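Peer 1: based on what follows, work out the 3D shape:
(3 chains)
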Amino acid sequence: MRIPCPYCGARDASEFAYLGDATLTRPDPAAPDAADAFHDYVYLRDNPAGAHSEWWYHSGGCRRWLKVTRDTTSHAIAGAELAGGAK
Amino acid sequence: MSRLPSSGLVDRTRPLNFSFDGKNYRGFAGDTLASALLANQVRLVGRSFKYHRPRGILTAGPEEPNALVELRSGARREPNTRATVAELYDGLDATSQNRWPSLALDALSLNGLVAPFLGAGFYYKTFMWPASFWEKLYEPVIRRAAGLGRAAEGEDPDHYEKANAFCDVLVIGAGPAGLMAALAAGRAGARVILADEDFLAGGRLNSDVARIGDEPGPAFAARTVAELASLPNVRIMTRTSVFGVYDGEYGAVERVSDHLATPAPFQPRQLLWKITAKRAILCAGATERPIVFGGNDRPGVMLAGAARSYANRYGVAVGKSVAFFANNDSAWTSAFDLKAAGVNVTTLIDIRREVAPVLAARAKALGIDARTDTQVTGTTGQPIGGGLTGLAIRTAGHGGRIAADTLAMSGGWSPSVHLTCHHGGKPVWRDDIAAFVPGGIPPGMTVAGAARGTYGLGDILAEGARQGGEAAGDLGFAASLPALPPTEETPAGITAFWHVQGSKGPAFVDQQNDVTAKDLGIAFKEGFRAVELMKRYTTLGMATDQGRTSNVNGLAIMAELTGASIMETGTTIFRPPYTPVSLGVLGGHHRGKDFRPTRLTPTHAWAAERGAVFIETGPWLRAQYFPKAGEADWLTTVNREVKAVRASVGLIDVSTFGKIDLQGPDVGAFLDRVYINTFSTLAVGKARYGVMLREDGIVMDDGTTARLGPEHYVMTTTTANAAKVYQHLEFCLQVLWPELDVTLASVSEQWAQIAIAGPRSREVLARVVDAGVDVSNEGLPFMGAVERTVMGGVKARLFRLSFSGELGYEIAVPARQGEALARALMAAGEEFGITPYGIEALGVMRIEKGHVSGNELSGQTSAGDLGFGKMASTKKDYIGRVLAARPGIADPERPCLIGFKPVDPSQRLRAGAHFLKLGAPADMAHDEGYMTSVAHSPHLGHWIGLGLLKNGPQRIGERVRAYDPVRGNDFEVEVCSPGFIDPNGERLRG
Amino acid sequence: MTSALDALPVTQMPPDGHYGPAGKHGVTARIFDPPALATLAARHGAGAALSAAARVELGLDLADAPRLSRANGLTAIGTGPGRWFLLAEAPEDLPAHLAALAPHAAITEQTDAMVGFELSGPHVRDLLAKGVTVDLDPSVFPPGAAATSNVAHINTSFWREPGDERFVFLAGRSYAVAFARFLVASGAAFGLELVHRG
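Peer 2: Coordinates of the predicted model:
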């Protein structure tokens, strides 16, 4: 599988580390329900069959985190963007 | 000899000597082992897997189930090599397998008599019997009786490599479709790779020899290949099998040296290619099917197309009197070709009532006895070796006999759809051609030619050209299709037919696994009817040939039994690899010490010079200890090293720690969010020990981080977690808090870092720093971190840190100066007997001091478990804070870090021992934790340990049981403070 | 055993010399220590200011892309968004030399961190195909193109020099022997000349 890194170009998947769901936001640690919210954030992950937005770290290349849209049923990658936008 | 006088593509000017079962023969360049054996009238080449039945050569290609041999000898012996694809070379040496004492007289062919025991599902049924029967009786007998070749016993003397290739269009198969596809895409300017597993490109053109335009097939193929070879954007890879489709990438094995006795110097035996292709065109052709009837496995029974290949391509007559048995027109053409090449074709038996008049007329003209509405119901053979002597036939209910030493059969053709299934595609049945054709095809792939069920030569050429042009066009190349020459077309009619009812003797479906039509009946009766179950129950379609010649027949017979259609019955799933791939080639040069890259410390050569023993820690090689002459064992050495440090001074390379440079106005704030403790308040010129958690509240890593300037910090991580921590920090900066202005740079490779420790370490340091550098207790206090120069102007970072518990420093210099620094420190410390020490001694000293390391940072421990609870700031948020407060993590009953010593000081502690209250039973319910690290303390004169014990810190002085059933230890230990040495840290600060 | 690696310990840099069949000269590998090397990382939102400063102060066009730019003895190699390796031809204190960029970038001394491998010869791409998973065809990876990528499990940054077919790889110093072993393992079939320079 090749992942289209916006900076480096298409690269072998072995250069990337996988983290998972990129739609999650780290909860507000000061909120009253922080304990529950963090529990959900860390442990309760969706596992959709189909398009999935997920974090991949280009450890072997530009060392940027990428938000990759991948179809979990076919591995087809619809696109990838850099985390945090351009710096 | 049964070499035909003139036909064939073998080079008769280049004779090659070879041997089979110790007997010498001669073939020609361009032969396979199979064609050369047939040319020498060797027809019995192996014994079958279970029943030791005599077997010959069934096919002329990679689908061969029978003619498996051991190729080469000694450490290069290669079992289960298909003689039909083994390219002949001078000196080739092959041996038949699975026979004893000899191929012709096999004692174990009696297996046939016990066939009922080895029938469908025998593995499962046998396992049902008492275990002792299996171990003592059945397994040894079956192992002896059933099997294929023997693996080489020595280490493979050859080497293997891996490589990557990129192209616009990958054409898989260099037959008529593939050649035209490559030509169309190549002429358009696309980067093309044309791969074929054969050593000669051309595919069926070399075997069918039908005319294309004004030239014979082989000449057309050769001319097209020559044009392709002249195009700089086309790469032709023969002897290369594309074996798998992996999300736009294709796995292929190039057999670089398999056609040579030994590889040329420095050449690999095989090369594994990973081909990244924007488009792929599968032109893998089709495989002929046998017909299932009694005695269809005798030497002398083969596929019709194979007989044709042997005649046309290899110039070999497969027999002296050849009969054909078929349900389709292609076999008739094969028979005519054999006749034209001078082979004695006597009879053409076809199950159909009628055939195309043109075929009947041609048979008549050639003097072939054509019998329609006829089936072969049995075979007779020689008493020794089993070679075919005659056929029993049945014409419209009337029996008869025909003498023949060869039967060429054809049940039709199965498109080679395998690679189309590697993304989960399911083939679709086509009644009109009685074959499965590709269903769902991997993205980027198209299929052309016989692999798609297109059998007419002109259609195949057109389809290949069109798809090659379209692929190039899709990629932006202007393609003009190659001219399509007129072709000689032959009829391709077929009537589906699978097996002869009521034939005599075992009727083999899968010759490689000895699966018969009767076995399928048993599977049906016992309920194993779904194809995937049938496959596993009967073993049909397993092993090296993966059922190339048997799958469709097997499932068609099952479909007949169940009354379902073939489409409803479906096929088993084809998975990679398409063809057997050696494990060696998957490893490439990454074997032995090169399994993964070895990282060397800046002082490696120096340590080696001093006789260090090295140990792998992750990818690194680190000095474990430095034995001196006369030291009896490693413990003696380590004790000496520890004592030397505690009494005077020692040094160790700690360059393997991860080192991360952090710059920017927000570094302090950032570190506060990733460490449990506070770094924003750290003074410039000071370092602090920090602990970071994962978001789930478990400790991720620890280390010291120093502030070198207002906006400049340098972090150290453990050796093991260097990459993980860097990745985590980048996640925090890029994803969680992109507003923070912090940049990271790994400086692990830039700095060599050497720790010196012991009461004399300050004096040693003072001798290597440049004039004016103050290393006094005031100038460089405990946890000081400064940038200075050493050894006459070498930039250095001086840290006053200690892992050993002694007065200690870490000195970082640019990596190329690391070795010089080690030597300078040795010279400076000579007067104090400075002692190099390894990571064993470092481990002893950190355990004596109660410091945690990898064994305690196990991914299961919280900060509280390790005694860092009080370090955690309550004034800020940090990664892991919220979930570390969960009841399960904050539970005071959790096992916590504490020290242990044996009640009997002569006892050796072992890491991994579990703690139990005295008198408590040894079960999980009473488990109170376990020992994480142990060491022999030369300072105390006995073994000491660190461990995680329930309520540990409250139980100092209590005795508990250290229970280690794995190593048979069970004795009492006393809970004690983990600070075995200098618990108040006076040495550090002195 | 036919692998050229067999006689070479994993703990020592393979010695200078010829690896492979006598008379075959497919690839030359020159191993060198970069005279001066630093990483440059644009500060938050300072990418444009950094580019402008590099142009004005150093005459260097800092392309924010995996490419080589070179001027006045300085070579910049894009390694990530807003990140570059900067190499100087002469040994010098690069961070001091780059002081003019400091307001806009984090500058980190890396001269000792990397070992350079300059590869040339008629079979250089054949050798590299055995480890590089990036397409090096000139139509895709023309002179001046750069990449950071794992090669035979070793992280490297590399580029294609302008002019004749020549590639330069930077590998971490602790991996230098491992990278040289990759070159020997993959290059011996074509004939490899290994030379240490500087």
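Peer 1: which bits of chain C sit near chain A?
Peer 2: C:42, C:44-45, C:47, C:65-66, C:79-83, C:133-134, C:147-150, C:155 (Cβ under 8 Å from any Cβ of the partner chain). No exception for glycine: its C-beta is placed from N, CA and C like everyone else's.
Peer 1: show me which of the residues you listed are buried.
Peer 2: C:42, C:44, C:47, C:66, C:79-83, C:133-134, C:147-150, C:155 (16 or more other Cβ atoms under 10 Å in any protein chain shown).
Peer 1: pick out the most distant pair among the residues you listed.
Peer 2: Largest separation among those by Cβ to Cβ: C:His44 and C:Thr133, giving 32.2 Å.
Peer 1: thought B:Arg688 was touching B:Asn677?
Peer 2: Yes - B:Arg688 is within contact range of B:Asn677, at 7.1 Å (criterion: Cβ atoms under 8 Å).
Peer 1: need the overlap of contacts for those two.
Peer 2: Shared contacts of B:Arg688 and B:Asn677 (Cβ atoms under 8 Å, 6 or more residues apart in numbering or on different chains): none.
Peer 1: can you pull the contacts of the closest residue to chain A within chain C?
Peer 2: The nearest approach of chain C to chain A comes at C:Gly80, 3.4 Å away (Cβ to the nearest Cβ). Applying Cβ under 8 Å, 6+ apart to C:Gly80 gives the contacts A:Tyr7, A:Gly61, A:Cys62, A:Arg63, A:Arg64, C:Thr148.
Peer 1: follow-up on the earlier one: which of the residues of chain C next to chain A fall in helices?
Peer 2: When DSSP state H is applied, those are split such that C:Gly47 fall in helices.
Peer 1: tell me the residues of chain A that contact chain C?
Peer 2: A:7-9, A:11-12, A:14-15, A:60-64, A:82, A:86-87.
Peer 1: same thing but 7 Å
Peer 2: A:7-8, A:11-12, A:14-15, A:60-64, A:82, A:86-87 (Cβ under 7 Å from any Cβ of the partner chain).
Peer 1: in chain B, where is pLDDT below threshold?
Peer 2: Scanning chain B for pLDDT under 70 picks out B:1, B:100-101, B:106-118, B:121-147.
Peer 1: contacts only, for B:Ile660.
Peer 2: Counting by Cβ atoms under 7 Å, 6 or more residues apart in numbering or on different chains, B:Ile660 makes contact with B:Met715, B:Thr717, B:Tyr726, B:Leu729, B:Leu744, B:Ser746, B:Val747.
Peer 1: please redo it, this time with the cut-off set to 6 Å
Peer 2: B:Met715, B:Tyr726, B:Leu744, B:Ser746 (Cβ atoms under 6 Å, 6 or more residues apart in numbering or on different chains).
Peer 1: find the helix or strand that the residue positioned nearest the centre of chain C is a member of.
Peer 2: In chain C, the C-alpha nearest the mean C-alpha coordinate belongs to C:Phe169, at 2.7 Å (Cα atoms, centre = their mean). Using DSSP states H and E, C:Phe169 falls within strand C:166-172.
Peer 1: look up how far A:Thr72 lies from the residue nearest to B:Thr372 when sequence neighbours are not counted.
Peer 2: In space, and not counting its chain neighbours, B:Thr372 is closest to B:Asp350: 5.0 Å by Cβ to Cβ, 6 or more residues apart in numbering or on different chains. Using Cβ to Cβ, to the nearest Å, B:Asp350 is found at 51 Å from A:Thr72.
Peer 1: neighbour-wise, which of the two wins?
Peer 2: More neighbours surround B:Asp350 than the other of B:Asp350 and A:Thr72, with 27 against 13 (other Cβ atoms under 10 Å in any protein chain shown).
Peer 1: just list whatever residues bridge to the more buried one.
Peer 2: Under DSSP bridges, the beta-bridge partners of B:Asp350 are B:Ala326.
Peer 1: any stretches of chain C with poor pLDDT?
Peer 2: In chain C (pLDDT under 70), the answer is C:1-2, C:198.
Peer 1: how's it carved up into domains?
Peer 2: C:17-33+C:113-197, C:36-109 (automatic domain parsing).
Peer 1: quick check, the residue in chain A closest to chain C?
Peer 2: Counting by Cβ to the nearest Cβ, chain A gets nearest chain C through A:Cys62, at 3.4 Å.
Peer 1: could you find the closest non-adjacent residue to that residue?
Peer 2: Nearest one to A:Cys62, counting by Cβ to Cβ, 6+ apart, is C:Gly80 at 3.4 Å.
Peer 1: hey, what's the one you found bridged with?
Peer 2: Applying DSSP bridges, one finds that C:Gly80 bridges with C:Arg83.
Peer 1: show me which residues of chain B sit near chain C.
Peer 2: By Cβ under 6 Å from any Cβ of the partner chain, the residues of chain B that approach chain C are B:157, B:159, B:161, B:163-164, B:166, B:263, B:265-267, B:589, B:593, B:596-600, B:661, B:663, B:741, B:743, B:745, B:749-750, B:814-816.
Peer 1: restricted to buried residues, select these in PyMOL.
Peer 2: In PyMOL, a selection of the buried entries from the residues of chain B next to chain C looks like this (16+ other Cβ under 10 Å):
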select buried, chain B and resi 159+161+163+164+166+263+266+267+589+593+597+598+599+600+661+663+741+743+745+749+750+814+815+816
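Peer 1: count of neighbours near A:Gly20?
Peer 2: Around A:Gly20 there are 13 residues (other Cβ under 10 Å).
Peer 1: which ones are touching it?
Peer 2: Per Cβ under 6 Å, 6+ apart, neighbours of A:Gly20: A:Glu54.
Peer 1: and the helices in the chain?
Peer 2: As the question left the chain open, I've gone with chain A. Using DSSP H, helices in chain A cover A:34-43.
Peer 1: let me rephrase: I mean chain C.
Peer 2: C:47-53, C:94-97, C:124-128, C:176-187.
Peer 1: contact partners of the third one?
Peer 2: In this case it means helix C:124-128. For helix C:124-128, the external contacting residues (Cβ under 6 Å, 6+ apart) are C:Val27, C:Leu136, C:Ser186, C:Gly187.
Peer 1: tell me the one of those residues nearest B:Val844?
Peer 2: Among the contacts of helix C:124-128, and counting by Cβ to Cβ, the member closest to B:Val844 is C:Ser186, at 42.5 Å.
Peer 1: isn't B:Leu231 right up against B:Gly186?
Peer 2: Yes - between B:Leu231 and B:Gly186 there is a contact at 4.8 Å, judged by Cβ atoms under 6 Å.
Peer 1: these two - which one has more neighbours?
Peer 2: B:Gly186 (29 against 18).
Peer 1: so who does B:Leu866 touch?
Peer 2: By Cβ under 6 Å, 6+ apart, the neighbours of B:Leu866 are B:Val852, B:Glu856, B:Leu897.
Peer 1: return the distance of it relative to B:Gly213.
Peer 2: 81 Å.
Peer 1: if you skip the residues just before and after it, what's nearest to the residue most central in space within chain A?
Peer 2: Nearest to the mean C-alpha position of chain A, by Cα atoms, centre = their mean, lies A:Trp55 at 1.3 Å. Take A:Trp55 and drop its neighbours on the chain: the residue closest to it by Cβ to Cβ, 6+ apart is A:Leu19, 3.9 Å away.
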